[in-house]
Structure formats: C-alpha cells, structure tokens
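Q: I'd like to go over a predicted model; first the sequence, then the structure.
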Amino acid sequence: MIDLTWKLFSQTGNIETYLLMKELENTTDTPNTDIDTESRHTPLSD
C-alpha cells in the first residue's frame, strides 16, 4: 500500500497523498506497546 501511495504521489505531487503515505508508514512501524509490555511481565516466584 505504501508503494502505491508513493507512486501516486510521485506522479501527481499531491501533498495529501504524501501525508497518507507517511501516516501509513507510522502505523505499520509502530509496534503495539500493550502487547510488548504484557509479554515482558513475568510472575514472581516465592
């Protein structure tokens, strides 16, 4: 999807297409921190 938006932006110069591409990049690059945090918790043993 990012390739498609980049191709469209490079052909049209439409800034909204570029902003959409950057938004898509940010959502795919940002891991879900809730899952990462939960996987790091380990129960304490007595």
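A: Sure thing, it's come through.
Q: State the pLDDT value of M1.
A: Note on M1: pLDDT of 82.
Q: Compute the number of surrounding residues for it.
A: Counted by other CB atoms under 10 Å, the residues lying close to M1 total 10. Where C-beta positions appear, they are placed from N, C-alpha and C, glycine not excepted.
Q: wait, what's in contact with it?
A: L24 (CB atoms under 8 Å, 6 or more residues apart in numbering).
Q: where do the helices sit along this protein?
A: Using DSSP state H, the helices assigned to the chain run over residues 2-12, 15-29, 33-40.
Q: Throw those into a markdown table and include mean neighbour count, thanks.
A: As requested, those are arranged in a markdown table below (neighbours: other CB atoms under 10 Å):
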| stretch | mean neighbour count |
| --- | --- |
| helix 2-12 | 13 |
| helix 15-29 | 12 |
| helix 33-40 | 8 |
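Q: In terms of mean pLDDT, which of these ranks lowest?
A: Among these, helix 33-40 scores lowest, at a mean of 52.
Q: quick one, phi psi at G13?
A: The phi/psi pair for G13 (degrees, to the nearest 10) reads phi 70, psi 20.
Q: Burial check on it, number of neighbours?
A: 9.
Q: Please consider this matter closed, and thank you.
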